[in-house]
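Novice: pasting the structure only:
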């Protein structure tokens, strides 16, 4: 396939991202906690699956009150997980197999146990006082601004030692940093430079909107555009490592998302998760109606060619539905999480995909086929490739952060420690390791793991999906989504039936496909068969319930 530009330096445009919580992936020393050495031992597994970018959840020193997102040292490695040397070995092993490594950048806040905050609490004139955001007068009611409404009743907490209130949008043990302070910004830049020097290829930036555009912080007093700091970070990243990325968590309306990309300049975030598309997908699944998803995809704003959307169907947090209307959210709850134990914060679900879909393998495979065929870069959360379930008895987001299931043995092959010493218990129900594990699925050619591996390989052979121009195709069935990605004279058409009922649909080829004198046909990239296009430029597709087809437009004789 001819390419007019070099695509290697924009590797994120068609990467396969895989998110791992180090402490729950593989325990190498039998202490019940996963570690960096254990993850390194599983690099060949990730390479075999086809992963090209490994995203590490926080591995920094932490009191672990928020699964590592409460950091006490931006330059350190938690001793439970290993050492700096272990991290370098992981990065080297991954690089040898063509896998880049990125890590969570958690800089909206620190742990209250961070030396900076401990110093800031000693007196009002302490040099570290201005590293955080304080107020002397009692705050108003801010219960509507908290991120975790079941844990906090406001975003200000009183510090008895100094008699002032400090800001925290997350937990009260996670005070927000003050980005109006140049010293804070300098420390953050140094931490990025440090990890880049050790070989990281970029960062997933946590809670970006709170970082630079928060109406409650002194950061609003920074002269000029509040996005200037994000531009400066991106520029710094480019100087230190030209192909490094910033992958942002920005759950905002489309117009604001475009601003976080840097608008037409594309000089802020490199990539951004498509939260709106994800939420619309679940509404479409609940209704068995593709139109909400199609509408969300068509509404994506135009972004700079070097930027990219990251697509996903499950992440490490609650499956948020906050951008849906209340009635739409209740539809999704009714379909996929009707019990209160399945819901979280009134806005999301604490479930994984297979249990939500009633274990129907057809529906699960259709969803992941849709994920990989959507325009953008697919992101997997560990265990999705084998269809892991959740532990609904675990608190909050920890329901989907259970240990990886490698074998049908005690502890699922995750650890040799006694079960009581595990960082978290294994999934206890019908999705436990005796039923769902890597070893069994790798031996079964019809398993979800082998299906996912095929999807990854097929996606990697279709640069149109990451680089191309996206179009929703007209067809008569509301339960069917047909879309096309076109790039440099080549097109891939994907068709998905979101309903359990069979459907027969007709697709019309683009007039440009029919301009040549040669016949036009469609190559099914998964079933490996040819479909004839009629002389009128249309093709009939018979779709079983939850069927999915990936079709490349071809010219000439099959």
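Specialist: Thanks, I have the structure now. Remember, it's a predicted structure, so these values are computed and weren't measured experimentally.
Novice: same for whichever helix in the chain runs longest, what does it pack against?
Specialist: Longest helix of the chain, by residue count under DSSP state H: helix 182-197. Where contact means 3 or more C-beta pairs under 8 Å, 6 or more residues apart in numbering; DSSP states H and E, helix 182-197 is packed against strand 100-105, helix 228-240. All C-beta spots, glycine's among them, are computed from the backbone N, C-alpha and C.
Novice: and among those, the most buried is which?
Specialist: Highest mean neighbour count among the helices and strands packed on helix 182-197 (mean count of other C-beta atoms under 10 Å): strand 100-105, with a mean of 23.
Novice: That strand vs helix 182-197, what angle?
Specialist: Between strand 100-105 and helix 182-197, the angle comes out at 160 degrees (axes from the mean of the first three to the mean of the last three C-alpha atoms, to 10 degrees).
Novice: Pull out the buried positions in the helix or strand following strand 100-105.
Specialist: Helices and strands here follow DSSP states H and E; after strand 100-105, the next one along the chain is helix 115-120. Neighbour-count burial for helix 115-120, counted by 16 or more other C-beta atoms under 10 Å, picks out 116, 117, 120.
Novice: try stretch 433-453
Specialist: In stretch 433-453, counting by 16+ other C-beta under 10 Å, buried: 433, 436-442, 447-449, 451-453.
Novice: Out of those residues, flag the one nearest to residue 422.
Specialist: residue 433 (12.0 Å; C-beta to C-beta).
Novice: quick one, phi/psi of the closest one?
Specialist: Backbone geometry at residue 433, expressed as degrees, to the nearest 10, gives phi -60, psi -20.
Novice: That one is in contact with residue 415, isn't it?
Specialist: No - Residue 433 is not in contact with residue 415 according to C-beta atoms under 8 Å; the separation is 11.5 Å.
Novice: Name the residues contacting each of these two.
Specialist: Residues touching both residue 433 and residue 415 by C-beta atoms under 8 Å, 6 or more residues apart in numbering: none at all.
Novice: now the helix or strand bottoming out on mean pLDDT in the chain, how far from the centre of its chain.
Specialist: Of all helical and strand segments in the chain, the minimum by mean pLDDT, DSSP states H and E falls on helix 208-212, at a mean of 79. Relative to the centre of its chain, helix 208-212 is centred 17 Å away, using C-alpha atoms, centre = their mean, to the nearest Å.
Novice: swap in stretch 113-123?
Specialist: That offset, for stretch 113-123, works out to 33 Å (C-alpha atoms, centre = their mean).
Novice: for stretch 299-318, same thing?
Specialist: Per C-alpha atoms, centre = their mean, the displacement of stretch 299-318 from the mean C-alpha position of its chain is 9 Å.
Novice: begin at 83 from here
Specialist: In the new count, where the first residue is 83, that last one comes out as stretch 381-400.
Novice: so how far is the first residue of it from its last?
Specialist: Taking C-alpha to C-alpha, to the nearest Å, stretch 381-400 runs 24 Å from one end to the other.
Novice: sorry, back to before: right, and the helices and strands packed on helix 264-279 - which one's nearest residue 209?
Specialist: Taking those one by one with C-beta to C-beta, helix 310-322 is closest: 21.3 Å.
Novice: Mind putting the buried residues of stretch 515-535 into CSV with secondary structure, distance to residue 509 and pLDDT?
Specialist: Below are the buried residues of stretch 515-535 laid out as CSV (DSSP: H, G, I helix; E, B strand; the rest coil; distance: C-beta to C-beta, whole Å; pLDDT from 0 to 100):
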residue, secondary structure, distance to residue 509, pLDDT
515, coil, 8, 98
518, coil, 8, 98
519, coil, 11, 98
520, helix, 14, 98
521, helix, 16, 98
522, helix, 15, 98
523, helix, 15, 98
524, helix, 19, 98
529, coil, 18, 98
530, helix, 15, 98
531, helix, 17, 98
533, helix, 21, 98
534, helix, 19, 98
535, helix, 22, 98
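Novice: Closest one of those residues to residue 163?
Specialist: residue 520 (21.3 Å).
Novice: The helices and strands packed on helix 264-279: which one's closest to residue 210?
Specialist: Taking C-beta to C-beta, helix 310-322 is the member of these nearest to residue 210, at 19.8 Å.
Novice: what's the angle from the closest one to helix 264-279?
Specialist: Computed by the same axes, to 10 degrees, the angle separating helix 310-322 from helix 264-279 equals 30 degrees.
Novice: How far away from the center of its chain is helix 310-322?
Specialist: Centroid separation for helix 310-322 versus its chain: 22 Å, with C-alpha atoms, centre = their mean.
Novice: which residues touch that helix?
Specialist: Contacts of helix 310-322 (C-beta under 8 Å, 6+ apart): 261, 267, 270-271, 274-275, 278-279, 284, 290, 293-294, 301, 304, 307, 326-328, 342, 344, 349-352.
Novice: from those, which would you call buried?
Specialist: By 16+ other C-beta under 10 Å, the contacts of helix 310-322 give 261, 267, 270-271, 274, 278, 284, 290, 293-294, 301, 304, 326-328, 342, 344, 349-352 as buried.
Novice: Break this structure into its domains for me.
Specialist: Domains of the chain are assigned by automatic domain parsing as 197-249, 550-637.
Novice: And the first one, end to end?
Specialist: Spelled out, that is domain 197-249. First residue to last in domain 197-249 (C-alpha to C-alpha) measures 17 Å.
Novice: Return the distance of the closest residue to residue 514 other than its chain neighbours relative to residue 106.
Specialist: Spatially, and ignoring its direct neighbours in sequence, residue 514 is nearest to residue 508 (5.9 Å; C-beta to C-beta, 6 or more residues apart in numbering). For residue 508, the distance to residue 106 (C-beta to C-beta, to the nearest Å) stands at 10 Å.
Novice: Give me the common contacts of these two.
Specialist: Common neighbours of residue 508 and residue 106 (C-beta under 8 Å, 6+ apart) are 484, 485, 496.
Novice: Of the residues you listed, which is the most crowded?
Specialist: Most neighbours among the shared contacts of residue 508 and residue 106, by other C-beta atoms under 10 Å: residue 485, with 30 neighbours.
Novice: how close does that one get to residue 159?
Specialist: In terms of C-beta to C-beta, residue 485 sits 20 Å off from residue 159.
Novice: Residue 214 pairs with what?
Specialist: For residue 214, the beta-bridge partners are residue 259 (DSSP bridges).
Novice: List the residues that contact it.
Specialist: Residue 214 neighbours (C-beta under 8 Å, 6+ apart): 198, 199, 202, 248, 249, 257, 258, 259, 260.
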